[in-house]
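A.B. asks: Return a 3D structure for these sequence lines:
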Amino acid sequence: MKASGKTFIKVTAIILIILGAFSALTGALSMAGSSMMGSVANDPAVQDALAQAGSSVSTDELARMAMISGGMLLGMGILYLVVGILGVIFAKNTGKAKLLMVLGGIVAVLAIVSTVINIINGASMSGVFMDLAFIVLAGLYFLGAKLNNDDAKAEMAAAQAIETVEVEIIEDDQDEEK
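C.D. replies: Modelled structure (predicted):
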């Protein structure tokens, strides 16, 4: 069983596992920090410091935004971990190529959406480059899965051709016996 895309899948999957673990940890810490921020939100000293800094956003709103973004980061991290782990497990298995193509497509779409949102919100160039790196990473993962899928189709076509030849040989043998 040939798996032309296994290297693409394995390398990108390992990178996704590393980035997914980092994202999940960062998201969890962000959520914990926002929880602590919410507990000090009504402290007059914090309110005064924000007012002096010229912030028009309340600490409750900041805590809520940090909780939401932390939750999204945690969710994305878990998704990247799952996609990466499945990629490592199924990199050689051409029968699972379609599953990996779907997962790679999902990661690519989410990376594109994230890039657009970050550009609209005026994210730093490093953030945009990181999003672009995820798009390339998901594209390479998808490419590896596509190569494996093509190999699976070729294997099925070859197996069908062999069956056809065997059937023709059996029919020829039966005709000769009559």
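A.B. asks: On the three-state scheme, A3 is what?
C.D. replies: coil (DSSP: H, G, I helix; E, B strand; the rest coil).
A.B. asks: Phi first, then psi, for the nearest residue to it once chain neighbours are set aside.
C.D. replies: Using Cβ to Cβ, 6 or more residues apart in numbering and skipping residues adjacent in sequence, the residue nearest A3 is K92, 4.7 Å away. To be clear about C-beta, it is placed using only N, CA and C from the backbone, and glycine gets the same treatment. The phi/psi pair for K92 (degrees, to the nearest 10) reads phi -90, psi -10.
A.B. asks: following the lowest-mean-pLDDT helix or strand in the chain, which helix or strand comes up?
C.D. replies: Counting by mean pLDDT, DSSP states H and E, the chain has its least confident helix or strand at helix 44-52, which shows a mean of 73. Going down the chain from helix 44-52, the next helix or strand is helix 59-90, by DSSP states H and E.
A.B. asks: Report the rounded mean pLDDT for that following helix.
C.D. replies: Helix 59-90 shows an average pLDDT of 87 in the prediction.
A.B. asks: residues contacting the nearest residue to F134 once chain neighbours are set aside?
C.D. replies: Leaving aside its chain neighbours, F134 sits nearest to A111 (3.9 Å; criterion: Cβ to Cβ, 6+ apart). By Cβ atoms under 8 Å, 6 or more residues apart in numbering, the contact set of A111 is 131, 134-135, 137-138.
A.B. asks: The spatially most central residue of the chain: what's its closest spatial neighbour, skipping adjacent residues?
C.D. replies: Centrality entry for the chain: nearest residue to the mean C-alpha point is V107, 3.5 Å, by Cα atoms, centre = their mean. Once flanking residues are discounted, V107 sits nearest to A138: 4.1 Å by Cβ to Cβ, 6+ apart.
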